[in-house]
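> Structure for this input, please:
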Amino acid sequence: MKKMIKKVIAPVLVITVLFTVLRPFCIQDGKCNYLLLLLLMGIPFGIGKMCVWMVPRGFDLGGTLAVWTMNFLIGGLIGSIVLLAMIGQAIIYLSVFLLTVITGIHKIPRIK
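Here you go, the predicted model:
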């Protein structure tokens, strides 16, 4: 059960919370821009996976903001790939779990 919580329930819960919080920021002309939403949802997952941060030194305010924006864009791109991989992993783990439960129930001998 711990594995089920760690691999399926926790990631789906985090993704659902991020979706509900960030979706209002991605509404443009009454429609949701899903590419922007995926990029914003990927930032929390990608910032920790980034190996190299560009540190702004010797820049003015505009250059510093540009470097930080670039860091967040790269983190969002990496995080969106991690996010999609986590969703895929959760789907695969859940389907294997359900298949195991169904075959286990099917193999229970019937009491007459």
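
> ok, residue 32 touching residue 24?
No: in this structure, residue 32 is not within contact of residue 24 by CB atoms under 8 Å, at 9.3 Å. (Each C-beta comes from the backbone N, C-alpha and C, glycine too.)

> Give me the more crowded residue out of these two.
residue 32 (13 against 8; other CB atoms under 10 Å).

> Grab the nearest non-local neighbour of that one.
Closest residue in space to residue 32, ignoring its immediate chain neighbours: residue 26 at 5.3 Å, by CB to CB, 6 or more residues apart in numbering.

> And the contacts of stretch 49-62?
63, 64, 66, 67, 68, 70, 71, 74, 75, 78, 79, 82 (CB atoms under 8 Å, 6 or more residues apart in numbering).

> end to end, how far does that stretch reach?
Chord length of stretch 49-62, first to last residue, is 26 Å (CA to CA, to the nearest Å).

> Let the chain start at 6 from now.
Fine by me, first position is 6 from now on; the one you just mentioned is stretch 54-67.

> hey, where'd the helices end up in this structure?
7-9, 15-27, 39-51, 66-111 (DSSP state H).

> Can you say which of those helices is packed in most?
Ranked by mean neighbour count, the helices of the chain are led by helix 39-51 with a mean of 19 (mean count of other CB atoms under 10 Å).

> Run the angle between it and helix 66-111 for me.
Interaxial angle, helix 39-51 versus helix 66-111 (axes from the mean of the first three to the mean of the last three CA atoms, to 10 degrees): 90 degrees.

> Could you pull up the residues touching the spatially most central residue of the chain?
Of all residues in the chain, the one closest to the mean position by CA atoms, centre = their mean is residue 88, 2.8 Å from it. For residue 88, the contact set (CB under 8 Å, 6+ apart) comprises 20, 43, 46, 47, 50.

> repeat that for 7 Å
20, 46, 47, 50 (CB atoms under 7 Å, 6 or more residues apart in numbering).
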